[in-house]
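Student: Predicted structure and sequence below. I'll ask about it afterward.
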Amino acid sequence: MSLIKVENVTKIYNSGEGEVVALGGISFEVEEGEFVSLMGPSGSGKSTLLTMLGAMNPPTSGRVIIDEIDVYGLPAEKRADFRSEYLGFVFQQFQLIPYLTALENVMLPLTITGKPNREQVRMASGVLEKVGLGNKGNRLPNQLSGGEQERVAIARAIVNQPPILFADEPTGALDTKTGEEIMELFKYLNREGQTIIMVTHNPEFLSHVKRAIFIRDGKLDEKKRPGKKLAV
């Protein structure tokens, strides 16, 4: 059974010059435990698709179904609850709170759970250990390298144990070596069972993912459809 189903999704924006078709009838599925890359040139629609999968951007038509839930059939407040329960997000810019320690940044998603503070600290410490920062929980973001800040951002995204992790150009602000280290971390998390969908325009990362879905001009690239399974 597919964890994610995208059914004939379109997204049309109205601009001063008329309609802009960002996505034009895209359909695909993602199985639980996959590591999938959404690939395509700048402006192809891949980031728009990611925000749609992330329950933040309703399609003009079509459906996004996650764990048999019609995401945009939910009322707005229920959709917010769905995001916090099902989805984790990692962005190109780390978006850490500068005056909070690494541990406190990772604890942020737990503040709305009602869990006791001791349990929140235990969970946040555990994921910091998992991403290789077990001894740096008391550091502020400006006391960490770029790669370490990205690891904190990843820890924050998975601390609630969401079934799906979305990453939007997660290595875009990192040098090549550090970017490779982050990709190895994603592979490790995927081997642990984490479903990951990553947006990138970098073909070098194809060697890290299990499947790539290619998008061009708001549609699946027919020459590369339906998303080839890759050796990892």
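Tutor: Received it, and whenever you're ready, just let me know what you need. The structure presented is a predicted model; accordingly, all values stated were derived computationally and were not measured.
Student: Just give me the neighbour total for residue 192.
Tutor: For residue 192, the count of nearby residues is 10 (other Cβ atoms under 10 Å). Every residue, glycine included, has its C-beta placed from N, CA and C.
Student: so who does it touch?
Tutor: Residues counted as contacts of residue 192 (Cβ atoms under 8 Å, 6 or more residues apart in numbering): none.
Student: roughly how far apart are it and residue 33?
Tutor: Computed as Cβ to Cβ, to the nearest Å, the residue 192 to residue 33 distance reads 10 Å.
Student: So what does residue 78 look like in phi/psi?
Tutor: Per-residue torsions, residue 78: phi -70, psi -30 (degrees, to the nearest 10).
Student: again, but for residue 108
Tutor: Per-residue torsions, residue 108: phi -50, psi -50 (degrees, to the nearest 10).
Student: helix/strand/coil for the closest residue to residue 83 other than its chain neighbours?
Tutor: Leaving aside its chain neighbours, residue 83 sits nearest to residue 55 (4.9 Å; criterion: Cβ to Cβ, 6 or more residues apart in numbering). In three-state terms, and counting by DSSP: H, G, I helix; E, B strand; the rest coil, residue 55 is coil.
Student: Please look at residue 55 and residue 82 and confirm they touch.
Tutor: Yes: the pair residue 55 / residue 82 is scored as a contact, 5.8 Å apart, by Cβ atoms under 8 Å.
Student: Name the residues contacting each of those two.
Tutor: Joint contacts of residue 55 and residue 82 (Cβ under 8 Å, 6+ apart) are 66, 71.
Student: For the spatially most central residue of the chain, give me its contacts.
Tutor: Residue closest to the average C-alpha location in the chain (Cα atoms, centre = their mean): residue 166, at 0.9 Å. By Cβ under 8 Å, 6+ apart, residue 166 lies in contact with 50, 53-54, 87-90, 196-199.
Student: Let's see that with 10 Å instead.
Tutor: When contacts are counted by Cβ atoms under 10 Å, 6 or more residues apart in numbering, residue 166 touches 38, 50-51, 53-54, 87-91, 157, 195-199.
Student: Point out the least confident one among those residues.
Tutor: Among the contacts of residue 166, residue 91 carries the lowest pLDDT, at 85.
Student: what number of residues lie near the nearest residue to that residue once chain neighbours are set aside?
Tutor: The shortest distance from residue 91 to any non-neighbouring residue, by Cβ to Cβ, 6+ apart, is to residue 168 (5.3 Å). Counted with other Cβ under 10 Å, the neighbours of residue 168 add up to 20.
Student: I'd guessed residue 185 sits against residue 130; true?
Tutor: Yes: the pair residue 185 and residue 130 qualifies as a contact (Cβ atoms under 10 Å) at a distance of 9.1 Å.
Student: For the two, list the residues in contact with both.
Tutor: Joint contacts of residue 185 and residue 130 (Cβ under 10 Å, 6+ apart) are 151, 154-155.
Student: Let's see which of these end up in helices.
Tutor: Here DSSP state H is the test, and the shared contacts of residue 185 and residue 130 give 151, 154-155 as lying in helices.
Student: What subset of the residues you listed is buried?
Tutor: Taking 16 or more other Cβ atoms under 10 Å as the criterion, what is buried in those is 151, 154-155.
Student: Next, give phi and psi for the residue nearest to the centre of the chain.
Tutor: Dihedral pair for residue 166: phi -100, psi 140, per degrees, to the nearest 10.
Student: Quick check: bridge partners of it?
Tutor: On the basis of DSSP bridges, residue 166 is bridged to residue 89, residue 197.
Student: Please report how far it lies from residue 114.
Tutor: For residue 166 relative to residue 114 (Cβ to Cβ), the value is 25 Å.
Student: Show me how far the helix ranked longest in the chain is from its chain's centre.
Tutor: Counting by DSSP H, the longest helix found in the chain is helix 176-191. Per Cα atoms, centre = their mean, to the nearest Å, the displacement of helix 176-191 from the mean C-alpha position of its chain is 14 Å.
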